[in-house]
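Asker: would you be able to build a 3D model of this:
(chains A and B)
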Amino acid sequence: MSDNGSVAAATWEQVELARHPDRPYALDYVHAIFSNFLELHGDRVFGDDHAIIGGPASFDSRTIMVIAQQKGRSTSERAMRNFGMANPEGYRKALRLVRQAERFKFPIVAFVDTSGAFPGAGAEERGIAWAIAENLVALSAARVPILTLVIGEGGSGGALGIGVGDRLLMMEHSIYSVAMPEACASILWRDIARKVEAAEALKLTAADLKRLGLADEIIPEPPGGAQNDYGQAADAAGAALRRHLKSLEAIATDRLVEERYQRYRRIGATS
Amino acid sequence: MFRPKTRYVALPSPRAGVGEEIDRLICPKCDTSLEPARLTAALGVCYRCGYHFRLRAPERIAMLVEPGSFREEDQAITATDVLGFTDSQPYAKRIEQSRATTGANEAVTWGEATLAGHRLVLVVLDFAFMGGSMGAATGEKITNGIERAGQSRLPLLIVSASGGARMQEGMLALMQLAKTSAALGRLAAAGVPYISLLTDPTMGGVTASFASLGDVIIAEPGAMIGFAGARVIQQATYETLPDGFQTAEFLLAHGMIDLVVPRQELPAVLRQLLDLYAPTAAAPGLQLQRQAKKTAAPAPAVTR
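Answerer: A predicted model of the protein is given here:
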């Protein structure tokens, strides 16, 4: 196998680990790291989306606001959660929770785990793009600390729709991409079978994002991946969240929001 | 029968566009053979069925603003291949080709201009440059335009035409959604109006960021606007998509945009919007109002 081929194969292994069916999902982390989590429901407009969940929880002595993409474990739960692909209602529920977090000064902890926003006719009719864009604005200006942790797949605008924050943390075997490799292969190569090459070209692993200066920290997983030891994965994630939250809480709000603006402003800046 | 469909049309402009060299153009909607001169006079709208041909950025700018008033900024900013991305051909080569065929360095052109007596910041995307896709340089230019509007307190008009985020720039492209949206959040907080004009096609990450954040959102008739493409939706859901799915008219009916405005009427509608949202002493709309006040019955005394 050529050098490029083996690099691509290693990248694909990361993609498969990020999607491993036994991998801990958002609620596994939430219950392990926080206490008192109370899931709130509904966007107050149309419905309740089970692909994005959220609500307040206790983290040490403070209350934080959880916003998370949740995949299903069993066949019926997968269907109920729409395979972690949210409709506009999920993003609007998240927006409601962002507003509430600002009102009560709860830091936000977002768990990203989706292959993307749901590509459906109803999602388009109810303005999925509008819902995501509104969240980008709201999160970029929210006057509370925001930690984003990618636990599995970070898929495109659907991930970013709850993923704008002050720190981007990634589990060791998580991925984050402008497009899923299959979609990229079918668009650029017109051949979905080229997904392995696409995955390598997209630079989507946690290590790639760290190298690109987009991810702040890679959280180590147990040997072989987080699916092998939920407790160990959650302990590492919890410790990182605690440490980053503490440092963000020491920053005055105006400066926090300005630094968050500059954090994104710098990406791709020419001067 | 295979017949290449021409979706672009060249209008008179200082810079040559992708313009068609042939004598006649076929309307992709009604199949009418169109005379270029008549089509040009009709602003690139089929004079038989009203189909709106896509416009290149220079033609769009020439059509919208007062002649000679556009001052382009950031012309030199160009895409760079940070990831070393190669699909069927290297991204660096694609950039080179797009620059050669379009005469532009990026998929977006921006600057200050005058429209109906109003100074404004105008940002225009060009679908002919890599599908109008948003990479880091694209996002940088758009953000520079948004920030200028904020600093100068000039109204902002962005004309979108894009397939979405540019895949060849990976996550650096995706992050431009956050960057442009954050800048628009600040513009909105500063109370500077933003008009978003959606043209065919506006899809993906561009719809999910700056394009849908206008205080007023206008679309050209028949423009395809959405997030996921119809083919992707059908593959994912096997749904039968309704007639006119993701057209400007479909979005208007679903409450996602304010107006569908034919190209010929755009100048008048933009003038009205600018008069309303960015009134200045020099703007004709306000002068008319003042004159009307003088001739009206004496107003009752008002205490502040």
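Asker: contact partners for the residue lying closest to residue B:86 once chain neighbours are set aside?
Answerer: Spatial nearest neighbour of residue B:86, excluding adjacent residues (C-beta to C-beta, 6 or more residues apart in numbering or on different chains): residue A:201 at 6.5 Å. (Glycine included, C-beta is placed from N, CA and C.) When contacts are counted by C-beta atoms under 8 Å, 6 or more residues apart in numbering or on different chains, residue A:201 touches A:184, B:83, B:85-87, B:170.
Asker: list just the nearest of the residues you listed to residue A:135.
Answerer: residue B:170 (21.4 Å; C-beta to C-beta).
Asker: number of nearby residues for the closest one?
Answerer: By other C-beta atoms under 10 Å in any protein chain shown, the residues close to residue B:170 number 28.
Asker: what pLDDT is listed against it?
Answerer: Note on residue B:170: pLDDT of 98.
Asker: and what of the one 5 residues further on?
Answerer: Residue B:175 carries a pLDDT value of 98.
Asker: the one 10 residues further on too?
Answerer: pLDDT, the model's per-residue confidence, is 98 for residue B:185.
Asker: to which secondary structure element is the residue lying closest to it once chain neighbours are set aside assigned?
Answerer: The shortest distance from residue B:185 to any non-neighbouring residue, by C-beta to C-beta, 6+ apart, is to residue A:137 (4.0 Å). Assessed by DSSP states H and E, residue A:137 sits inside helix A:128-141.
Asker: the helices in the stretch 151-271 of chain A, which residues?
Answerer: Secondary structure of the stretch 151-271 of chain A (DSSP state H, counting those that start in this stretch): helices at A:156-160, A:181-184, A:195-202, A:206-211, A:230-249, A:253-265.
Asker: quick one: the residue nearest to residue B:175 when sequence neighbours are not counted and residue B:226, what's the gap?
Answerer: Nearest residue to residue B:175 in three dimensions, chain neighbours excluded: residue A:267, at 4.4 Å (C-beta to C-beta, 6+ apart). Distance of residue A:267 to residue B:226, computed by C-beta to C-beta, to the nearest Å: 26 Å.
Asker: tell me which of the two has more neighbours.
Answerer: Higher neighbour count among residue A:267 and residue B:226: residue B:226, with 27 against 22, using other C-beta under 10 Å.
Asker: contacts only, for that one.
Answerer: Contacts of residue B:226 by C-beta under 8 Å, 6+ apart are A:124, A:129, B:202-203, B:207, B:246.
Asker: isn't the residue nearest to residue B:175 up against residue B:143?
Answerer: No. In this structure, residue A:267 is not within contact of residue B:143 by C-beta atoms under 8 Å, at 9.9 Å.
Asker: between these two, which contacts overlap?
Answerer: Joint contacts of residue A:267 and residue B:143 (C-beta under 8 Å, 6+ apart) are B:176, B:179.
Asker: would you map the strands across the stretch 1-150 of chain A?
Answerer: For the stretch 1-150 of chain A, applying DSSP state E, counting those that start in this stretch gives strands covering A:52-59, A:62-69, A:108-114, A:146-155.
Asker: how about low-confidence regions in the stretch 1-150 of chain A?
Answerer: A:1-3 (pLDDT under 70).
Asker: tell me the residues of it that contact chain B?
Answerer: A:117-121, A:123-130, A:132-134, A:136-138, A:140-141 (C-beta under 8 Å from any C-beta of the partner chain).
Asker: now name the helix or strand holding residue B:139.
Answerer: Per DSSP H and E, the secondary structure element for residue B:139 is helix B:136-152.
Asker: report the angle between the axes of that helix and helix A:253-265?
Answerer: 140 degrees (axes from the mean of the first three to the mean of the last three C-alpha atoms, to 10 degrees).
Asker: elements contacting whichever helix or strand comes after helix B:136-152?
Answerer: Sequence order places strand B:156-162 as the next helix or strand after helix B:136-152, per DSSP H and E. Where contact means 3 or more C-beta pairs under 8 Å, 6 or more residues apart in numbering or on different chains; DSSP states H and E, strand B:156-162 is packed against helix B:57-64, strand B:118-125, helix B:136-152, strand B:194-202, helix B:204-207.
Asker: quick check, the residue in chain B closest to chain A?
Answerer: Per C-beta to the nearest C-beta, residue B:136 is where chain B lies closest to chain A, at 2.6 Å.
Asker: skipping its backbone neighbours, what lies nearest that residue in space?
Answerer: Nearest non-adjacent residue to residue B:136 (C-beta to C-beta, 6+ apart): residue A:268, at 2.6 Å.
Asker: what about that neighbour, how many residues close to it?
Answerer: What residue A:268 shows, counting by other C-beta under 10 Å, is a neighbour count of 25.
Asker: how many other residues sit next to residue 103?
Answerer: Picking chain A for this. By other C-beta under 10 Å, the residues close to residue A:103 number 10.
Asker: look at chain B instead
Answerer: Look at residue B:103: counted by other C-beta under 10 Å, it has 16 neighbours.
Asker: what separates the residue nearest to residue B:136 from residue B:132, distance-wise?
Answerer: 17 Å.
Asker: again with residue A:132
Answerer: Look at residue A:132 and residue B:132: by C-beta to C-beta, they are 19 Å apart.
Asker: could you do residue B:44 as well?
Answerer: Taking C-beta to C-beta, one finds residue B:44 at 17 Å from residue B:132.
Asker: before we move on, the earlier item: in the contacts of residue B:226, find the pair that's most separated.
Answerer: Farthest apart among those - using C-beta to C-beta - are A:124 and B:202, which lie 12.8 Å from each other.
Asker: and the two? which has more neighbours close in?
Answerer: residue B:202 (32 against 26).
Asker: tell me the contacts of residue 259?
Answerer: Because you didn't say which chain, this covers chain A. Counting by C-beta under 8 Å, 6+ apart, residue A:259 has contacts A:166, A:251.
Asker: not what I meant, chain B
Answerer: Residues near residue B:259 by C-beta under 8 Å, 6+ apart: B:216-219, B:252, B:269.
Asker: and if we set it to 7 Å?
Answerer: B:218, B:269 (C-beta atoms under 7 Å, 6 or more residues apart in numbering or on different chains).
Asker: quick check: phi and psi on it?
Answerer: Main-chain torsions, residue B:259, degrees, to the nearest 10: phi -150, psi 140.
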